[in-house]
Structures are given as C-alpha cells and as structure tokens.
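Enquirer: with the input below, show me the fold.
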Amino acid sequence: MQILKCVRYLSQAKHLNVRFDPVGQCNPQQQMVDYYRKNGHLAAQLDPLGLQPDLSKQFPSVLDFNIKYDDPIQPNFLYHQVQDITQLEVKLQKLFTSSVGVQFDHVEDHEEREWLYKNYETIFSKKLTDSEIINLHNIIVQQEAIEHFMHKKFVTFKRYSGEGGESTAILLRSIYAYASSQGVTDVVQAMAHRGRFAIMMGLLNFPPQDIFRKVQKDAFDLPEEFTNAHNADDVVHHLSTSNKCRFPGAGCQEQDIRISIVHNPSHLEAANPVSQGKTRAKQDDYGNQEQVLNIQMHGDAAFAGQGIVYEALQLQKLTGYQNGGTIHIIQNNQIGYTTNVNDSRSTRYSSDIAIPFGIPIIHINGEDVETIHLLGQFVTQYRQQFKKDILIDLITYRKYGHNEVDEPSFTQPIMYNKVRSAQSLPLKFNKKLNERGLKVDYEKVREKVFKNLEIEYSKTPYNKTVDIITNENTKGSKAFTGKWKGLNFSQFDTSNPITGVQVNHLQDLAQQSVLIKNGFNVHPRLQKYFIEDRIEQVKQNKIDWATAESIAVSSLLEEGYNVRLSGQDVERGTFSQRHFVFVDQKTEEKWNPIQSFADAKNQGRLQVANSPLSEAAVMAYDFGYSMENPRNLVIWEAQFGDFYNTGQFIVDTFITCSEEKWMRQSSLVMLLPHGYDGAGPEHSSSRMERWLQQGVQNQNFQFVVPSSPSTVFHMLRRQMHRNFRKPLIVASAKSLLRSQKARCSFEELGQQFKPIIVHGNLQSKIIVFTYGKMVYEVQELVEKRQNDYTIIALEQLLPFPQKELQEILSKASPNSKVVYLQEEPKNVGGWTYCKEFIQKAINDSQLKNKELTYFGRKECPQVAGAGHLFTQEMVKVKQEFLQFQ
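Expert: Here you go, the predicted model:
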C-alpha cells in the first residue's frame, strides 16, 4: 500500500507519514473521497512560484484503493454527479489537489462539516459570465497600475507594494459584494501595510490626492488647527478610511455597503482585536450581528508568530466578545521580512493555529483568480449561515523585499530569481483570457488608471482644516462625523462639567443595585455582608467604593449611555467588592439588578463581561468598542495593576495616542488596582510612572488616583459629560475598598469632580502632598498633631491640576513647609512626575521656604520586595516623616 509522504509547506524538513485506512474497512469509493477530502491539501499546487515540491505523484491512485476503472460507480459520495471512476478521480483532483487545499475535518459539528463539503464541492459548477471575468481582469490590472504609478512617482518611498498579491483585491471585492447582497450593511476591517494604498484607492474610494500629498509634501493628515499646536499625526501607510461603496458586476444582487478600515500601527496584528471590538459595538447598536461583518487580514509570519493572534481567536465564541464570525485572510507571501518558513514557525501551515478553534481553513493559489472570486462568496455564505470564523490562506509572493528599497536576494536568492523571472499575474491573466477568446485590453486599463492618477497627482496640495475633516462627504480621513458629530478635539475643551445627581435619586439607585428578584437564592454571606451592608450605607449616608461605582453606572444608564465592563472576574470583582452579577446558589442562574432596571425602563445597555485570562487582545477589543460610539463608556479592569504589562504595546500604539495620530477618541477607562499591601513585586503597582512619563498635559489621556469614592463617581460620569472623549487610567484602590475611612456622603456625589481634595487647615506648619491610600495613613500618623498638618490629596495627576494647586497654595501660611510622601520607591510612583509641578507652584507662591522635601522608600530595581522587609522600610519612612519640623 502506498504511503503519502507529506512535507511541511515550502519546506523539505519534518516529513510526516500519513496512511489511509486498510482496505475493507469501508466502501473503497467512499474511502477514496474521504481520503482526498482529508489529505488533498497536502498535494495541492498552492505556490504560484512553483517552489513547493510536487507531491501529486506520491498521492494514492485509484488502484491503491482497490478500485478498478471499469467498476460501476457506487451511490455518489461526492456532492457532485460523476458517471464513472475516471470522472470521479478527475473531479477529486480538481477539487482537492489542484489550486485549492481545504481543511474541514477538524470542524467538530457534523452539520457544519457536511455543509462545508457540499457547498465547496458544488462551487465549481457555477460559471462566471464573460462580464464578471472581465471585471476580475480589470481589477487586478488596476491594482498593478496603481502600484506602478506610485513606484514611478516615488521611487525611494517605502509603500509596501502589493505586487505579487493583486488577487487580494479580487477576494475582498467578492466578499464585500456578496455580503452586501446578504443583508450586511457595514464591514469593519483590519489590515496591515502590504498593498494598503492600492486597496484603499482602487476599491474603497479613498482620494489618491490625499495619499500623494502626504507622501510628496510630508503633509499632515490632521487639521492644521490641531497640528499647529501639537506635533502629531502618523505615517501614510497607517491611514484609514470609512466610505460607502458598491461593487457591481460581482454576480450577485449587490447593495451599498460601508467599508471601515481601522487605523493600524506598525505592531503586526495589533489592529485585529481592535476591529473585533468595533464590530461588536456596531452590532450592539444595530441589535443585529448579521448586519456587520468583521474582516481581518494577516501576514503569514505574523499570524503564526504573534501571541495576540491566539488571544484574539480565543474571543470568537465568548458571549461578551463574539461577533457572529470573522473572515480571516492570510496574505501569505511565504516569508517573514527576511526569515524563511523553516525559521518562523514549527507548523506546516501558518494557519495551523486556527485548527484548535475549529475554524475551517482554505488554502488557495493566489493566481487562480476565478476560484478566488468564488471562494469569497463561499466564506461569506458560511459566516452568515453559522455565525463563526472562517479562514482563507491566500498564497502569493512579494515582488520586492520587505519594502521597495530592500534587497531580498541577500537572504532568498532562489525565491527572488523566480520572482524576477515571473510574469505578473495581471499579464498572465490577460494572456489567458485572450487565448480563451475574451477581448480584454491590459494597456487600455492601465492607461485609464494612469490618467486618473496623474490628475490627482497634479492637484494643488492643501492643508486639512477642521471644516474639511468634519465634513460627512469627505472621502479621505475624517473625524467627528456620524455618531461623533458635534464632539470636538479634547485639547480645545478644558471644562469640568457638573456631574452631581440629586441625593434622593442616588439613594434609590443604591438600593436598586442590590434588589434581588423573588425566588432567587443569594449566597448568605452576600446577603449579609454585601446587600444588607449597602442598604445600611444608604441609611448612614456613608458610601463605599463599590456603591459609588454602581450608582455612577446606574445614573449613566438612566441618561441613555451604554456601559461595558470587561476584564478578568469583573462580574464579582477581583477583591469580591463589586457583585454587579449575582449567581443563584441552586441553579447558577445569573441576576444583574442594574441591567434589569435599565431594561425595564428602556435605558442604556449594560454589559458585564468576564474575559479570558489574557490582557492584550481584550484591551485592544475594548478600545475598539469604545471608538465606535461616544455614548459607550467602556471600562476594562485588570486583576492587578501591573497585569496590563502584557498589553503594553496596545497602550503605546492605541490608548495613549490615538487622537494625536488619527483623530480617534476613546472613552476607555482602565482600572488598575494599585497599593502596597504586602503582595510582592507583581501585585502592588499600576506602574503609574510609565503612564505619567507618556502623558502630555491636557492632550492624550488622564490619570487619576482616587482616595475617595466621590472621585470614583464623578470621574466615571465626567467621561460622558464633556464634549470630547479621552482615555482615563485609574490607579484604583485595593485596601480602600472596604475601609471605613474611605467613605463619602451622598451630598458629595451631588457636586463635581475635584482633582485635589484638601484635608485640614491651610494655615498649618506642614503641607503634605500624597495620593491614594496614603491619604488615610498620613491622617492616622498625624492624628495627635492634626492642626500642624494639611494633607493635599492629589486625585488627578494627569493633566496635573496646576491652576487649582496654585490657588490652594495662595491660601497657605507663608511659613508652611511642603513635603511629598509616597509609598512607592523613589524611582517609581508619582514623585518624579509630580515634583516639577509642585515645585513650580511653590516657587510661584508666597511661601518663604521654597524647598520640597521627599519622604518615601529609596530607589529600588523592583516596585516592591518581600512583604516583611518592605513593611519595615515603610515604618522607617513614616518615622522620619514625623520627625520633620
């Protein structure tokens, strides 16, 4: 019996022996069909360069299955009628070992698997019309012409050409068109830089002039009113677009459809979970998942190599994150920068990471243009039918190196000898169609493209203005349109709105947040120590942290805002402090009192989503969700403050700078539990020093360290009550969650956000600056000499409240001395950032003593050490502080 020797894709390494079942275990013809279905991809001719070994001769023949060519055809096991064994063999070879290889057997659901085989096996029976085929020709010629025009005009510019992969446009156009015929009105898409310009100009109506002006004049894409004040913006190949398009001539009843490409940073795959979150937000607004489609485009090396890919795939079936199925497209250039396949992954295919998730996989030779068009319809139909992810591995090549000025033959001489001698796909397809008798004119299409691009290139460069950017009809980069209309750049608005709510209404909201429906079996400890305690807080007018948070959320829902709370264990809260969701102790039914009241009154929606045990993809997802609608307050909570570390690149490339780079605002709130409670180096710090180092006054994000529940209440409401949206980072409390000292009154919730809270008489001898839980520790320290001390609690560090601080110090005694106290080591925490602002306020004040004295731990290479040693060190710091005169 013949053995198929399977080699790793594009690699001579790691041979894998695959045997078929011994003869006699099943009908031989059924066995042959099943074998082709399962193993055909191993012999399929997928590489347009022909570098892949040809394994077709090693593939079992009809005789290996104990079938004779003159055997009568059995009941047809293939979803395609054949008349004899020869036809069966030919059909199986065409379906499974020619230019397409499918992997469906790992799909566990029998109905899905049968649907996949049936619809795939019948797809080739569909005949494209001549006009449809001519459209395909014109699209790939257009894509190549755009690349050639840019190469001619901008010889040394790194545009990351899509040449060699022109059929990507065929696949995308097919998906767009067919999706629009199936009721999809919106596509949210993430893609990297490869071929981005040609796709945006050729398919998505992005004005070529806007790209040319940015390349040749290094012009800003942001309005001049903004860039004059802030040196911001981003490189041209990170541009995005959101335009309504139509794609006629695709063989379906196409309709208008809005295609939104999200901005991408250079960090590969980072934009993909952002697009997932934005997709889900659109779907939630519509109340219909089928109406919005997520498309993610990946590089082959990045899909296999970047950990965020696995994290993002993990979200696909989770209630709080799934979006009715994503269509994944791997733009497979068969290389990662300069790294060969052997060195970039341990799997046969770059797509193998999708197999554990049960995602159907289709590998396709990027030069089979007509089949690519049909497969676009196939994958879209699957997504709409089963609401699940599906993946196409589009195998092409890269004409140049990683960019146009790179020399790829330094590291891949054989591959690039092939590339340089290969005729381009548009020319091949043109020749093929002319030989078939179809009249297609390659030069005429190119001439038309060049003419139009020359007109765009010759247009007078101009600077963007706010009026242009905010115009709904702008086809290029725009902002504050659609759902965001009427909002403004955050730098143009420094207001501090009234966020208070009437006391009696707050009391009602507090009690509603723990109202349990009849027959629901609450855990007895929650009944006593949480529900009854909250009712007692209302009576005593002493509100704790969790209560302030819950009524802030409830009040926003009443006003029609939507609130999404996401992260690890957020239903309960890491420290068992929140309990937005209660669990019946007998049935495990869940009950969310806040949402039940909002639903009953047709108010905003509340989503409380426990996330998987990962950070980067979930942070990116929630950031994407927040960008879709300014009426969405999105809160992501870390289990502990420094757990966001694994998503630092999402912080650096999106959260801290999206408005400055792309005019994209976000309401995202990040709750990062912070406090030195003996938990060691990895559970103590929110790494506030990193955040503060990235911060720019009144520009990119806010950083708050609340010491009072009133701050929590007002900071959340403030997020929604200004004429802009800006990310809010919160070094949230741990030890203060249940502290009897960290309480506030309902009257305090009727006011507004205070960036500074003053405790004590400003005529005191010593003024102490601190934040967070240290406010209460200092109060306890100086209790016997409280008239000697004024404690200034810095509730907001970024933007630093310089004006408010100046006003406060103007009321201080001229003889007061000023100190700063923190629990973190000197090289971390707030000291390095705050000292400059505090010192300036001192210098500008009437204080005679201009020195600012530091009290805190000495510098340390880690944020916290062993519990008992660290505690001893803080005791010493407090003793030194008390000795200060």
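Enquirer: now do the strands in the stretch 301-450 of the chain.
Expert: Taking DSSP state E, counting those that start in this stretch as the criterion, the stretch 301-450 of the chain contains strands spanning 326-332, 361-365, 390-395.
Enquirer: for the shortest one, name the packing helices and strands.
Expert: Helices and strands touching strand 361-365, by 3 or more Cβ pairs under 8 Å, 6 or more residues apart in numbering; DSSP states H and E, are strand 100-103, helix 369-386, strand 390-395. Placement of C-beta: from N, CA and C, glycine included.
Enquirer: using JSON lines, lay out the ones you listed together with mean pLDDT, distance to residue 475 and mean neighbour count.
Expert: Formatted as JSON lines, the helices and strands packed on strand 361-365 follow (pLDDT from 0 to 100; distance: least, Cβ to Cβ, whole Å; neighbours: other Cβ atoms under 10 Å):
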{"stretch": "strand 100-103", "mean pLDDT": "97", "distance to residue 475": "36", "mean neighbour count": "25"}
{"stretch": "helix 369-386", "mean pLDDT": "97", "distance to residue 475": "24", "mean neighbour count": "21"}
{"stretch": "strand 390-395", "mean pLDDT": "98", "distance to residue 475": "27", "mean neighbour count": "26"}
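Enquirer: can you put those in TSV and add distance to residue 308?
Expert: Converted to TSV, the helices and strands packed on strand 361-365 look like this (distance: least, Cβ to Cβ, whole Å):
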stretch	distance to residue 308
strand 100-103	23
helix 369-386	22
strand 390-395	16
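Enquirer: what's the pLDDT at the nearest residue to residue 158 once chain neighbours are set aside?
Expert: Using Cβ to Cβ, 6 or more residues apart in numbering and skipping the chain neighbours, the partner closest in space to residue 158 is residue 403 (3.9 Å). Note on residue 403: pLDDT of 86.
Enquirer: if we can go back for a sec, of all the strands of the stretch 301-450 of the chain, which one comes closest to residue 740?
Expert: strand 326-332 (48.5 Å; Cβ to Cβ).
Enquirer: and the closest one, how far out from the chain middle?
Expert: 16 Å (Cα atoms, centre = their mean, to the nearest Å).
Enquirer: please apply the same query to stretch 873-881.
Expert: Remark: stretch 873-881 is offset 44 Å from the chain centroid, using Cα atoms, centre = their mean.
Enquirer: list the buried residues for that stretch?
Expert: 873, 877-878, 881 (16 or more other Cβ atoms under 10 Å).
Enquirer: what segments of the stretch 151-300 of the chain are strands?
Expert: Going by DSSP E, counting those that start in this stretch, the stretch 151-300 of the chain shows strands at 186-190, 241-245, 257-261, 292-299.
Enquirer: and residue 824, which of those strands is closest to it?
Expert: Nearest to residue 824, of these and by Cβ to Cβ, is strand 186-190 at 37.4 Å.
Enquirer: and the closest one, which strands flank it?
Expert: The partner list of strand 186-190 in its sheet, established with DSSP bridges, is strand 257-261 (parallel), strand 292-299 (parallel).
Enquirer: show residues contacting stretch 768-782.
Expert: 674-675, 705-707, 731, 733-736, 739, 741-742, 757, 759, 786, 788-795, 797, 818-823, 830, 834, 838, 878, 881-882 (Cβ atoms under 8 Å, 6 or more residues apart in numbering).
Enquirer: make that stretch 822-836, sorry
Expert: Applying Cβ under 8 Å, 6+ apart, the external contacts of stretch 822-836 come out as 675-676, 685, 687-689, 692-693, 695, 705, 769-771, 773-774, 777, 794, 797-798, 800, 820, 852, 854-860, 863, 874, 877.
Enquirer: which of the residues you listed count as buried?
Expert: Among those, the ones that count as buried by 16+ other Cβ under 10 Å are 675-676, 685, 687-689, 692, 695, 705, 769-771, 773-774, 777, 794, 797-798, 800, 820, 852, 855-857, 860, 863, 877.
Enquirer: just the ones of the residues you listed in strands?
Expert: Taking DSSP state E as the definition of strands, these contribute 769-770, 794, 797-798, 820, 852, 855-857.
Enquirer: can you redo those as TSV with pLDDT and distance to residue 465?
Expert: Converted to TSV, these look like this (pLDDT from 0 to 100; distance: Cβ to Cβ, whole Å):
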residue	pLDDT	distance to residue 465
769	98	42
770	98	45
794	98	38
797	97	34
798	96	29
820	98	44
852	97	44
855	97	51
856	94	48
857	92	51
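Enquirer: and the residues you listed, which is closest to residue 510?
Expert: Nearest member of these to residue 510, counting by Cβ to Cβ, is residue 794, at 27.8 Å.
Enquirer: I'd say the closest one and residue 703 touch.
Expert: No: the pair residue 794 / residue 703 is not scored as a contact, 10.2 Å apart, by Cβ atoms under 8 Å.
Enquirer: tell me which residues in stretch 812-822 are buried?
Expert: Neighbour-count burial for stretch 812-822, counted by 16+ other Cβ under 10 Å, picks out 812-813, 816-822.
Enquirer: span of that stretch from start to end?
Expert: End-to-end distance for stretch 812-822: 22 Å, by Cα to Cα, to the nearest Å.
Enquirer: show me where the stretch 651-800 of the chain has its helices.
Expert: Along the stretch 651-800 of the chain, counting by DSSP state H, counting those that start in this stretch, helices occupy 658-662, 688-694, 709-720, 774-781.
Enquirer: just say which of these is most tucked in.
Expert: helix 709-720 (a mean of 26; mean count of other Cβ atoms under 10 Å).
Enquirer: quick check: mean pLDDT across that helix?
Expert: Per-residue pLDDT over helix 709-720 has a mean of 98.
Enquirer: other residues contacting it?
Expert: With Cβ under 8 Å, 6+ apart, helix 709-720 has contacts from 496-497, 499-500, 543-545, 547-549, 551-553, 555-556, 559, 561, 631, 633, 635, 667, 669, 704, 706, 725-726, 728, 730, 732, 742-744, 748-749, 751-754, 757, 795.
Enquirer: can you say which of those residues are buried?
Expert: For the contacts of helix 709-720, buried by 16+ other Cβ under 10 Å: 499-500, 543-545, 547-549, 551-553, 555-556, 561, 631, 633, 635, 667, 669, 704, 706, 725-726, 728, 730, 732, 742-744, 748-749, 753-754, 757, 795.
Enquirer: surely residue 788 meets residue 764?
Expert: Yes: if you go by Cβ under 8 Å, residue 788 and residue 764 touch, sitting 5.6 Å apart.
Enquirer: one step back: residue 459: which of the buried residues of stretch 873-881 is nearest?
Expert: In terms of Cβ to Cβ, no member of those lies closer to residue 459 than residue 877, at 64.8 Å.
Enquirer: what's the spacing between the closest one and residue 733?
Expert: 20 Å (Cβ to Cβ, to the nearest Å).
Enquirer: give me phi/psi at residue 573?
Expert: Phi and psi for residue 573, reported as degrees, to the nearest 10, are phi 100, psi 140.
Enquirer: and it, how far is that from residue 737?
Expert: Where residue 737 is concerned, residue 573 sits at a distance of 8 Å (Cβ to Cβ).
Enquirer: mutual contacts of those two, please.
Expert: Shared contacts of residue 573 and residue 737 (Cβ under 8 Å, 6+ apart): residue 546.
Enquirer: out of the buried ones among the contacts of helix 709-720, list just those in strands.
Expert: 633, 635, 669, 704, 728, 730, 757.
Enquirer: how about the contacts made by the third one?
Expert: Going by Cβ under 8 Å, 6+ apart, residue 669 touches 633-636, 715-716, 719, 727-730.
Enquirer: can you add distance to residue 844 and give the helices of the stretch 651-800 of the chain back as CSV?
Expert: Listed next are those as CSV, based on distance: least, Cβ to Cβ, whole Å:
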stretch, distance to residue 844
helix 658-662, 29
helix 688-694, 22
helix 709-720, 26
helix 774-781, 25
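Enquirer: low-confidence stretches in this structure?
Expert: Scanning the chain for pLDDT under 70 picks out 1-25, 76, 218-219, 227-231, 867.
Enquirer: right, I'll leave it there.
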